[in-house]
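J.: Could you look at this predicted model? Sequence included:
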Amino acid sequence: MLTPVTILTAAGTMLVLAVAMALVLGWANRAFHVETDPRVEAAEGALPGANCGGCGYVGCSEYAEAVVLGGAAVDLCPVGGPSTAGKLAEIMGVGLEEKVPERPVVHCNARLEDRLGRRPYEGEESCAAANMVAGVQGCAYGCLGFGDCVAACSFEAVRVAEGLAEIDYEKCVGCGACARACPRNVISMVPFRHSRVVVVKCSNKDFGPEVKKVCKVGCIGCKACERAMGDYFRVEENLARTAPEKFEPSLDFGPVLEKCPQEGIVFLGLPGAEGRDGVAPGRVEVEFRTTVDQAEWRG
Amino acid sequence: MEKEARKAPGLLGQAWLILLLAAFFGSSLAGVEIALKPRIERNKRNETFGQIPFLVPGGSSQKSVETRMGGIRVIRVLSDKGDHLGWVLPASGQGFADRIELLVGLDRKAERITGLYVLDQKETPGLGSHIQDKDGFLRGFEGQPADKSLRVVKGRPAPHSGGIRAITGATISSLSVCNIVNRAVRDFRKALAGSEGKD
Amino acid sequence: MVDSGPTALERFINGILPENPTYRQLLGMCPTLAVTNGLKPALTMAGATAFVLICANFITSLIRNALKPHLRILVFTLTIATFVTIADRFLQAFMPAMSKVLGPYVPLIIVNCIIIARCEVCASKQPVGTALADALGCSLGFALGLASIASVREILGTGCLLGARVLPEAWPNWGIMVLPPGAFLTLGLLLGLVEWAGAARKKAGGNQG
Amino acid sequence: MNHLVDLLLIAVGAAFINNFVLHYFVGICPFIGVSRRVDQAFGMGLAVTFVVTIASFLAWFFTWFVTRPGAPVTAWVWGLFAPGSRTVLDLSILNYLIYIFVIASSVQFVEMYLKRFFPALFKAFGVYLPLITTNCAILFACLEIMKHVSGVRDPAAAWGLDQALALAVFGGLGFALAITMMAGIREELDLCDIPEPLKGAGITLLTAGIMAMAFMGFTGVDRGLAAFLR
């Protein structure tokens, strides 16, 4: 007599509990229903979900909402790159105009041995801290080499070699974290219409003789490059600057390279990767790893 | 009409899988319960009754029976031939880290402690957990008089003098065990005296 | 949706080392820390978890088509809770000593992240064969994880393993290893070791690791 | 007075001595994963406390009225089938099923509630809210309640609703305390250089080990408190 009744009561209890919970949740589902635009979920699905902030919004859900409701540009996501921008444009039914990916460039070429007037520094191992100490390094503009940019990059694309920051363009996705992290703004985001671009790797704005006192490879503002290729180079505040958007692989930089007394001018971008000079968009494919993957917890 | 019917039980309709699973699992678990319950009961009983021969010399696990003496749960230990040899008294109290469950073996008149066994304890492993050593700490309780309360002694106590050798580094645990035994034995002796007066 | 769908063998191998639940995915931390003060309880827990994981994966992949997205978690937990109760009663009936040692951690298999993760990621999408292979792989991986931590803690804590004396008598037992803090320290260091070994292998032989 | 002392002992025990994370090892997954920033950790701690309180209330309710040996509701149902019979219908087998059912439903309810009334808080939790369901701390609290309600030999010592809620609330606060302290330490850890392989989970576990040692210092405090108050 006990067995069938126990089984029946057990099943009955669970059934009653299940019905009660289903009703409560069903009611709650209706009562607490929040009107959300289905396109926001679709947009969120299209985004990589890395919450890296490269688009300027706090996270991907924020950016998805901004795109759908706030009308933000569809191609702000540096990590997702053109493929995500395409999907977002599709969801929003908006045309996608050509967008050139930007990559960071380090405007300094001085390794440790090239820097003069370096004083011993025992403070905190971070550029932000070292930058506050007057005269920690002869040149007041150049890279300090304590790796704030390395810490900022969540894609392990920045490295400090012999005291100078270096970008690994294979891994870099262009989220701009390193540019923001550098206290001396040595790193700037430059549009890469091709796999390379020519840039002046120096940011020292003092006169020539002053520069010579503090650095062996700094730009002394002698205008040799401006005279050789006026439309691509021009010197402002004793520092040669370039116009990366005018760069064409066909341009010949031979004359400028010989005339320039310092080797300050250097090709930048993927070293000699042939056949990579096609039109910029979509060709810097990087094996994508979200910051979420690196979060310790996946349980 | 078809669309209407399906929408009506919207709430429960969606959750039919949950209801079915809940009922099915509930009943299958009840089946498991009925199948395994006797074995689990036997294990529980063995855990306590299995210790009887070690706690009261000559006591038999099968014959002894559980009774209540003045509101206290106790096991009347009978020998194989059925004559009453003594008692096994479950006792529990607060130890160093958590509760300690004990089984105290007493002789017929509850004048002498014939054995002690630790059912459950969560004392510090490696220190307090030594209260479980059969031929160490527990051996000290055998033969102790039940009328006097036991004391924890640092050195080597005289046999049957009510002194218990403390475990080095676990004085609180040893003290707790003694207090639990003292309290349980005192209450039981009072109940025994009360009922002896009666029957 | 994984279009080609990993083969059963691939899921099995993956579960053991490359995606080891304890060291690689950092899942199921609660039992890993709680029951590894001895090798015997650790293996019993691994056995119980394996039983529950295999049965739950089996049932989940059977009913995967009827699953409604928002009720998914509720169905998984119900299935897992049932099998855990069966395992718990089985332990109480046939291995009472172990059941007492493991105590509250047997029912805690219900909220063991490994099982729910496998149900969600693999079983609710793959056919029965792959799901079972994946369950087997993961439980072996979990058992490996538990056994490694439990043996370190038992040897250092009591000087012997499963009763057999490993370290010389003079070894001062590190009581801390059997206590809760020991669990954290051992797992932390072992994780570091595994990470270091993985990185070293990656640097040395390309990156199949 | 004695009852209040009992409540206080449960509260102090659950918050410090038998801290859910550092003593009983439950709730480790969020403890390692979420504790990167103090505000996020504290929010997680409060959410867990909130959910564990609801779940414990329902768990105590079902244990007391249905699955406890000799529970009123089961006795009433048994009376319908076999009036006046002496054998007791024992449904304690359903405990785990009911607890996890209650927990999953309450987390789902809290998720919908937050999404409707506190969208900012909901977005802050993101993926961590549904994963509270798989948080062992909540089920552990229900198991403790089960142990003290149906596992106790004499019914008088069984826990009432107030004791159950004391364990839930203070256990949750103990969890919040531990996770917030860990988050504070982790924020410091990000600044100092840690050997490469130990980064992330490794250093967190080592820190938690040292914290557990510190919390072991509380052992015996409740015994002293009890002796002092009683």
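T.: Sure, I can see it.

J.: Could you check how many residues crowd around the residue of the stretch 1-150 of chain A found nearest chain D?
T.: Nearest residue of the stretch 1-150 of chain A to chain D, counting by Cβ to the nearest Cβ: A:F32, 3.6 Å away. (C-beta placed from N, C-alpha, C; glycine too.) Other residues lying near A:F32 total 15 when counted by other Cβ atoms under 10 Å in any protein chain shown.

J.: Just say helix, strand or coil for the residue nearest to it when sequence neighbours are not counted.
T.: Distance criterion Cβ to Cβ, 6 or more residues apart in numbering or on different chains; nearest residue to A:F32, sequence neighbours excluded, is D:R116 at 3.6 Å. Here D:R116 is recorded as helix under DSSP: H, G, I helix; E, B strand; the rest coil.

J.: Was I right to think D:R116 contacts A:N29?
T.: No: applying Cβ atoms under 8 Å, one finds D:R116 not in contact with A:N29, separated by 10.3 Å.

J.: quick one on the thing from earlier: tell me the spacing between the residue nearest to A:F32 and chain C.
T.: According to Cβ to the nearest Cβ, to the nearest Å, D:R116 and chain C sit 15 Å apart.

J.: Would you enumerate the residues in contact with that residue?
T.: A:A31, A:F32, A:H33, A:V34 (Cβ atoms under 8 Å, 6 or more residues apart in numbering or on different chains).

J.: Now that B:I113 has come up, it's in contact with B:A91, right?
T.: No: taking contact to mean Cβ under 8 Å, the distance of 11.3 Å between B:I113 and B:A91 leaves them out of contact.

J.: okay, and the common contacts of those two?
T.: Common neighbours of B:I113 and B:A91 are listed as B:V104, B:V181 (criterion: Cβ under 8 Å, 6+ apart).

J.: residues of stretch D:26-45 that come out buried?
T.: Of all the residues in stretch D:26-45, those buried under the rule 16 or more other Cβ atoms under 10 Å in any protein chain shown are D:26-36, D:38, D:40-45.

J.: With stretch B:21-35 instead?
T.: For stretch B:21-35, burial by neighbour count (16+ other Cβ under 10 Å) applies to B:L21, B:A22, B:A23, B:F25, B:G26, B:S27, B:S28, B:L29, B:A30, B:V32, B:E33.

J.: ok, and of those, which contact chain D?
T.: Contacts with chain D within these, as defined by Cβ under 8 Å from any Cβ of the partner chain: B:A22, B:F25, B:G26, B:L29, B:A30, B:V32, B:E33.

J.: All the helices of the chain, residue numbers only.
T.: Just going to use chain A. Under the criterion DSSP state H, helices of chain A are mapped to A:2-31, A:38-46, A:60-68, A:81-92, A:127-132, A:148-152, A:177-181, A:208-214, A:224-228, A:254-259, A:291-294.

J.: wrong chain, I was asking about chain C
T.: Taking DSSP H as the criterion, chain C carries its helices at C:8-16, C:29-34, C:39-62, C:72-94, C:96-102, C:113-118, C:128-158, C:175-178, C:180-204.

J.: Please export the C-alpha coordinates of the third one as CSV.
T.: Extracted C-alpha coordinates of helix C:39-62, given in CSV (Å, rounded to 0.1, in the frame of the first residue of the first chain):
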residue,chain,number,x,y,z
LEU,C,39,42.7,10.5,-2.7
LYS,C,40,39.9,8.1,-1.9
PRO,C,41,37.2,10.7,-1.4
ALA,C,42,38.4,12.5,-4.5
LEU,C,43,38.1,9.5,-6.6
THR,C,44,34.6,8.7,-5.2
MET,C,45,33.5,12.2,-6.0
ALA,C,46,35.0,11.9,-9.5
GLY,C,47,33.1,8.6,-10.0
ALA,C,48,29.8,10.1,-8.8
THR,C,49,30.3,13.1,-11.0
ALA,C,50,31.0,10.9,-14.0
PHE,C,51,27.9,8.9,-13.4
VAL,C,52,25.7,12.0,-13.2
LEU,C,53,27.5,13.7,-16.1
ILE,C,54,27.0,10.7,-18.4
CYS,C,55,23.4,10.2,-17.6
ALA,C,56,22.5,13.9,-17.7
ASN,C,57,24.2,14.3,-21.1
PHE,C,58,22.4,11.2,-22.3
ILE,C,59,19.0,12.5,-21.3
THR,C,60,19.7,16.0,-22.5
SER,C,61,20.7,15.0,-25.9
LEU,C,62,17.6,12.7,-26.1
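
J.: tilt between it and helix C:128-158?
T.: For helix C:39-62 and helix C:128-158, the angle between their directions (axes from the mean of the first three to the mean of the last three Cα atoms, to 10 degrees) works out to 160 degrees.

J.: do the last one as well
T.: Taking the same axes, to 10 degrees, helix C:180-204 and helix C:128-158 form an angle of 120 degrees between their directions.

J.: ok, helix C:180-204 near chain D or not?
T.: Yes: under the criterion of Cβ under 8 Å from any Cβ, chain D is reached by helix C:180-204 at C:180-185, C:187-189, C:191-196, C:199.
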